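> kindly return the folded structure for what I paste below:
(2 chains)
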Amino acid sequence: MVFSSAVFLFVFLPAVLLLYFVPVCFWNDKLETGRKNLVLCVASLLFYAWGEPVYVMLMLLSIAFNFNIGLDIGRHADSPRKKKAILAAAVVFDLLILGFFKYSNFVIVNLNHWFALEISPLRLSLPVGISFYTFQILSYIVDVYRGEVQPQKNVISFAMYVTMFPQLIAGPIVQYADIERQLRSRRVTPSGFFDGVTVFIRGLGKKVLFANTIGQFYTEIVADGVAQAGAATAWLGILCYTMQIYFDFGGYSDMAIGLGRMFGFAFLPNFNFPYTAVSIKDFWSRWHISLSGWFRDYVYIPLGGNRKGVPRTILNLAIVWCLTGLWHGAAWNFVAWGAFYGILLIAEKYLLAGVLVKIPKAVRHVVTMVIVMVGWVFFSCESLSDAIVFLRSMCCLNGNPLWNGRSLYYLAGCAFPLALMSLSAFGVYDRIPKLRNDYLRTAWNALLYGGIFALCVVYLVSSTYNPFLYFRF
Amino acid sequence: MKETEQQEPKPQSKLYEAFCAVFCVLFVAGIVGIAALQCVTPDRKQSDSENRLLQQMPGLSLTSVTDGSFMKELESYLTDQFPQRDLLVRCKTYIDLLCGRQQINGVYIGRDDYLFEPQTVPNEQQVETITAAIHGFCLRNPDLQKAAVIVPNATCLLQDKLPDGVTQYDQRAFLAQLREKVGGADLQHYHWINCAAVLDGADDGQLYYRTDHHWTTRAASRVFMETARAWELDTAPVTYDFAVVSDSFQGTLASSSGICHIYDEIEICVPHDSQGQYVIEYESENVKTATFFDKSKLNTKNQYEVFLGGNFAKLVIATTAQNDKTLLICKDSYANCMIPMFAPYFSQIVVIDPRYFNDSIDGCMQDYHVTHVLFLYNLNTFLEDKSLADVLED
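Purely as a prediction, here's the structure:
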């Protein structure tokens, strides 16, 4: 199920809210929390099964396995060797499942290509959210191993942590340590719930009003043929994609955080105006924060981080960024995208450290945005060769004029939406002074977000308008 | 322990919490209310503006759940049956217009309230097949009078009304190529009617509907006169009456885009005093009428069907013309408004729409002693439709 669907908004969400908030075991707080956890857990499984009626079994298996691993590691807390062996086995098992479903076809295709083999690819579809929930589980067992958290003894609480529907499908990757206490007890106040609703609707608006709208332009431009496009059209196309992916992903994170808050969870922010970054390092401290944080805590630092000399640090960065690329998708263009950032970050750290500070901020911002947009070319294309065709068009290397009538047509169509979106992406709306009076501010927000929600419904319903053109004859 | 856990929100006054609670309840009541409204509004079977059946409540079964079809259909059901769906769709269209969009659901929003369908891009193989089929047919029937009328689309003739930068392929140049491909030098009694030249600079009214992909009756009558000239029909004694039968026409392009503030007039054209002088037989429907126009269609969504009642596999029209000429028309819907104009010159007119007609055309030729053959298509359909080549086959 996705948040921006009628089933979620008008069936699933109201049902879960009612079941969750209408008290049943009101005489006993502990019992009531347990009941709420159970409601969330069952609802989350249903949410997942809605999109993956078969793979939900795989997730249940993963939960059962890792729940026991957590307990096991806890039991051997004082024998480092045993504990390490259990951890290693669990990590290998979890990564194998992820690898099998996500990367086996990629491996097969490459083996076939490089060694002239003829292994037939597997007919697997990728279980939704497996990259996210596997990483959440890994954070849990590693933290239990490190003694940073206690093993979870309640299987419902553990299952709820893994399956929690707000962040199940597209993050943020919530580390177990961050919400351990909230699994036990959490308090929902009307003001907190209201905040959650506004954050959710803001995310819904980003996805439905912004990302989907600007995405249509990107799709149109690509369908027109990037190879034949003028450089201006190609740049406009990737600018549209740049906005689409931010509002799509950022919107999803907002929705997850908002929903979490409605149920009493405080997730950490996942995006912090990434397009205001003034360097690549800055960009990655603002983009998909939970993923870079995960790679930092569970790959980069365990590899030695920057404490083992310059060559080792460079190697560590290279490993982390190739893995980051690969995490986003099983294809070479994603690896190239990760490597692209790895190289830039290494260069920034060692070669340009002295130079960057002397350049004015505005220039650094523009340069960073251009680099990020070039990066999205690798991300958006189906393959590495498509990405190169796209880049050639952007660089005017395909023999087409810089701009033509088509560029102006697209520009006329998307200028206004792009302007609105840029104001949001650059954080201009958030700089508008807030009303000081709590009551006025809340009433204003209710009006504003009520309006945005209504607009989202208009967009969602009309996106299914599907005139059957056979009657043209 | 890691120190990333968030602070509890700072406590607020009870009054403020109660104030917030009101809006929380409003939100939940809102989404529950929409769900309830959806339950009580009766489901619609079909959507007129989309011309398709709407999703009904899907049945729940083990297989429909495991293959995911139940989930997909439930989502379609909710959005298809959403209260006031058509109104919401229109709202979206006008929001798009306000935001400067010039293309909605594939329809270009042009100047002076003109809507345009996108051009069909020629597929080379399809072009080869169809031109070869027409050429072959003409060679096989050297004694017949033949004419090909391929009408360019609004995007070609009304280019100045298109939004800036909508560059499409040049239909004029393409039609010239088509003319070459069908041939002519080796064909006898064959005429290619250059519609673009005939319609260029026409100043007696609109050439195409604003809200529909068809040409107007005025445009059709100009091309008719050119065809009659080519066939040397004596049009001097005949006068034609034009009459506006509707001023509330909103065609396919209005439906597709959701634009609802533009209306077209539908005009019909008939030979003067011709009432009761012909009988139209709808063969497979087993119906006979004495009029070219089905006025009841003016009360339906697709008013263009007023011409001949729509498209049918085969019509046979008998007229009171005193001759033994028979005209066979192979056509798409562009022909519907033009057919009445031919009535005074042929005692019999056979109309075939290859998209619905499954027999061979050669059978018709013999059965009806055809003397004239007209191919009448608009270029988009001509490029999309594979059935014409099929019926022309030997």
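> could you use CA atoms for every contact and neighbour count after this?
Fine.
> how near is the nearest residue to residue B:278 once chain neighbours are set aside to chain A?
Once flanking residues are discounted, residue B:278 sits nearest to residue B:319: 4.2 Å by C-alpha to C-alpha, 6 or more residues apart in numbering or on different chains. Distance of residue B:319 to chain A, computed by C-alpha to the nearest C-alpha, to the nearest Å: 26 Å.
> residues in contact with residue B:319?
By C-alpha atoms under 8 Å, 6 or more residues apart in numbering or on different chains, the contact list for residue B:319 reads B:277-279, B:343-344, B:346-348.
> which of those has the most neighbours?
Counting neighbours by other C-alpha atoms under 10 Å in any protein chain shown, residue B:348 leads the contacts of residue B:319 with 28 neighbours.
> that one bridge partners, please.
Beta-bridge pairing of residue B:348 under DSSP bridges involves residue B:318, residue B:326.
> is any part of stretch B:254-271 close to chain A?
Yes - counting by C-alpha under 8 Å from any C-alpha of the partner chain, chain A is contacted by stretch B:254-271 at B:255-256.
> endpoint to endpoint, that stretch covers what distance?
End-to-end span of stretch B:254-271 (C-alpha to C-alpha, to the nearest Å): 31 Å.
> same question for stretch B:334-346.
The first and last residues of stretch B:334-346 sit 20 Å apart, counting by C-alpha to C-alpha.
> show me the contact partners of that stretch.
Around stretch B:334-346, the neighbours that count as contacts under C-alpha under 8 Å, 6+ apart are B:214-217, B:220-221, B:224, B:233, B:238, B:240, B:268-271, B:278, B:292, B:307-308, B:310, B:319-321, B:323-327, B:349, B:376-378.
> select the longest helix from chain B.
helix B:14-40 (DSSP state H).
> buried ones in that one?
B:17, B:19-21, B:23-24, B:27-28, B:31-32, B:35, B:38 (16 or more other C-alpha atoms under 10 Å in any protein chain shown).
> ok so, going back, could you list which of the contacts of stretch B:334-346 belong to strands?
Using DSSP state E, the subset of the contacts of stretch B:334-346 located in strands is B:240, B:268-271, B:278, B:319, B:326-327, B:349, B:376-378.
> buried among those residues? Make that a ChimeraX selection.
Per 16+ other C-alpha under 10 Å, the buried members of the ones in strands among the contacts of stretch B:334-346 correspond to this ChimeraX selection:
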select /B:268,269,270,271,278,319,326,327,349,376,377,378
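> which of the ones in strands among the contacts of stretch B:334-346 has the weakest pLDDT?
Lowest pLDDT within those is found at residue B:278 (86).
> and the gap between it and residue B:346?
Residue B:278 is 11 Å from residue B:346, by C-alpha to C-alpha.
> from the buried residues of helix B:14-40, which are also near chain A?
Contacts with chain A within the buried residues of helix B:14-40, as defined by C-alpha under 8 Å from any C-alpha: B:17, B:19-21, B:23-24, B:28, B:31-32, B:35.
> only alpha carbons, please: show stretch B:208-216 as PDB.
Provided in PDB are the C-alpha atoms of stretch B:208-216 (Å, rounded to 0.1, in the frame of the first residue of the first chain):
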ATOM      1  CA  TYR B 208     -12.200  21.900 -37.500                       C
ATOM      2  CA  TYR B 209     -14.300  21.700 -34.300                       C
ATOM      3  CA  ARG B 210     -12.700  23.400 -31.400                       C
ATOM      4  CA  THR B 211     -13.500  20.600 -29.000                       C
ATOM      5  CA  ASP B 212     -13.400  17.600 -31.300                       C
ATOM      6  CA  HIS B 213     -10.900  15.900 -33.600                       C
ATOM      7  CA  HIS B 214     -13.200  16.000 -36.600                       C
ATOM      8  CA  TRP B 215     -13.400  18.500 -39.400                       C
ATOM      9  CA  THR B 216     -16.500  20.600 -39.800                       C
END
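> contacts made by the worst-scoring helix or strand of chain A on mean pLDDT with the rest, please.
Lowest by mean pLDDT, DSSP states H and E among the helices and strands of chain A is helix A:353-356, with a mean of 82. Helix A:353-356 has contacts (C-alpha under 8 Å, 6+ apart) with residue A:364.
> what's the answer for stretch A:22-36, then?
Contact with stretch A:22-36 is made by A:20, A:184-185, as judged by C-alpha under 8 Å, 6+ apart.
> just the CA trace of that stretch, in CSV.
C-alpha atoms of stretch A:22-36 as CSV (Å, rounded to 0.1, in the frame of the first residue of the first chain):
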residue,chain,number,x,y,z
VAL,A,22,-10.3,4.1,21.2
PRO,A,23,-9.2,2.8,24.6
VAL,A,24,-10.0,-0.7,25.6
CYS,A,25,-7.8,-1.6,28.5
PHE,A,26,-8.1,1.8,30.1
TRP,A,27,-7.7,0.5,33.7
ASN,A,28,-4.2,-0.7,33.0
ASP,A,29,-1.6,1.5,31.3
LYS,A,30,0.8,-1.3,30.5
LEU,A,31,-1.9,-3.5,29.1
GLU,A,32,-3.1,-0.7,27.0
THR,A,33,0.4,0.0,25.5
GLY,A,34,0.6,-3.7,24.7
ARG,A,35,-2.7,-3.6,23.0
LYS,A,36,-1.7,-0.5,21.0
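> report the buried residues of that stretch.
Quick answer for stretch A:22-36 (16+ other C-alpha under 10 Å): A:32-36.
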